[in-house]
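J.: everything below, folded, please.
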Amino acid sequence: MMKEIKFSQQFPLKELVLGVSKPNGRLNIEDIRLLCKKAYPQKITIHKAIDLSPQPLEDLKDLLEIENITSVLMPTAMEDHEVLNKLSKLSEGKIAIIAAGKITNNNIKQVASLIHTTVFHERKIVGQL
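T.: Residues are numbered from 1 along each chain as shown. Have a look, this model is predicted:
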């Protein structure tokens, strides 16, 4: 991933998306920290890996210590709304919690009423184009 980060720095990209897990499913905070340091000043979104973690709250606590992480994407919004809300509360606005996964223009209001975030990611939110 270091090569990809170095490559990305040739372009005016403001943010990168990455995720690194250990064999036990927990986030590999040490590797993420190194990647974030290499990417700086680019901002980082942690994608998918935290959703697979058996201890996402503990992993988020560790992520809060890394200065250029701006958001965490959780791809199972409806199923994991309780976890998303706990993550959102724990982050205290320091890291945006992005709700994603099976969010459509038909259920976005229901999802928004369940989840305490203002950031949603899903290609089906806009409906049929």
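
J.: what about the protein, any weak spots by pLDDT?
T.: 74-75, 127-129 (pLDDT under 70).

J.: which residues sit against stretch 26-38?
T.: 1-2, 5-6, 18-22, 44, 46, 49-50, 53-55, 58-59, 62-63, 66-69 (CB atoms under 8 Å, 6 or more residues apart in numbering). The way it works is simple: take the backbone N, C-alpha and C, and place the C-beta from them, glycine included.

J.: now intersect those residues with the helices, please.
T.: M2, I5, K6, A49, I50, E58, D59, D62, L63 (DSSP state H).

J.: from N68, how far off is the closest residue to the first one other than its chain neighbours?
T.: Using CB to CB, 6 or more residues apart in numbering and skipping residues adjacent in sequence, the residue nearest M2 is K38, 5.8 Å away. Taking CB to CB, to the nearest Å as the measure, K38 and N68 are separated by 10 Å.

J.: spit out the contact partners of H121.
T.: L73, I98, A99, A100, I103.

J.: of those, closest to H116?
T.: Nearest to H116, judged by CB to CB, of the contacts of H121 is A99 at 9.5 Å.

J.: A77 is in contact with that closest one, correct?
T.: Yes. Between A99 and A77 there is a contact under CB atoms under 8 Å: 4.0 Å.
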